[in-house]
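**Student:** model this:
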Amino acid sequence: MAKRRYKEEFLTVGFTKAVRNGECVLCGEVLSNESMKINKLDRHLQTKHPLHRDKSKDFFICKEESFKKQCFDGGKVFKGNRGALRASYQVSLHIAKAKKPHSIGEQLIKPCLKDVCLSVLGEDAANNIESVPLSNNTVASRIKDMSADIQKTVTEEILQHK
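**Tutor:** This is a model prediction of the structure:
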């Protein structure tokens with residue numbers, strides 16, 4: 001069976017080719033090659049994301065950029081799991097809100113999380129914590145990414161109301 005080619009019009013219904021061909025920018029779901037038809041992609045949008053079905057292509061372009069940032073880390077495809085990446089952003093947000101040094105993630109939070117997981121959930125869960133990137137530079141980068149996203153969103157909202 002031939003591989004379907006990605007078409008730019010797929011972005012109008014929320015699908016990109018950021019990492020793999022045909023990923024939903026809203027939920028990250030990858031559809032099969034047979035589903036790479038505009039009507040099937042539109043059905044995914046309407047059934048899984050009904051609140052976003054009337055959004056403009058610009059909205060999905062913004063979501064695509066955000067999605068790419070989640071999938072790529074420093075120009076390389078993020079090889080860890082998405083849960084670890086999401087956790088890294090969540091912990092970085094807490095560090096920023098608490099106005100603590102970025103190094104606290106790796107020096108205090110990660111060891112505490114590993115201890116808690118080891119005591120409550122077992123060794124496998126504690127080992128999974130190791131995959132959460134929380135270095136000083138990573139936390140700083142995550143905070144910078146989130147700040148840029150907030151600034152971009154605010155700017156877009158201001159421009160829409162003019």
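**Student:** Give me the buried stretch members for the helix of greatest length in the chain, please.
**Tutor:** The residue-count maximum for a helix in the chain (DSSP state H) belongs to helix 136-160. Using 16 or more other C-beta atoms under 10 Å as the test for burial, helix 136-160 gives 138-143. Placement of C-beta: from N, CA and C, glycine included.
**Student:** Just put those residues in JSON lines and tack on pLDDT and distance to residue 110.
**Tutor:** Formatted as JSON lines, the buried residues of helix 136-160 follow (pLDDT from 0 to 100; distance: C-beta to C-beta, whole Å):
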{"residue": "138", "pLDDT": "86", "distance to residue 110": "11"}
{"residue": "139", "pLDDT": "90", "distance to residue 110": "11"}
{"residue": "140", "pLDDT": "89", "distance to residue 110": "16"}
{"residue": "141", "pLDDT": "86", "distance to residue 110": "16"}
{"residue": "142", "pLDDT": "88", "distance to residue 110": "14"}
{"residue": "143", "pLDDT": "90", "distance to residue 110": "17"}
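**Student:** Mind listing what's buried along stretch 82-91?
**Tutor:** By neighbour count on 16+ other C-beta under 10 Å, the buried set for stretch 82-91 is 84-85, 87-89, 91.
**Student:** and those residues, which of them are in helices?
**Tutor:** Secondary structure from DSSP H places 84-85, 87-89, 91 of these in helices.
**Student:** ok, back up a step: which of the buried residues of helix 136-160 sits closest to residue 12?
**Tutor:** The closest of these to residue 12 turns out to be residue 142 (C-beta to C-beta; 29.8 Å).
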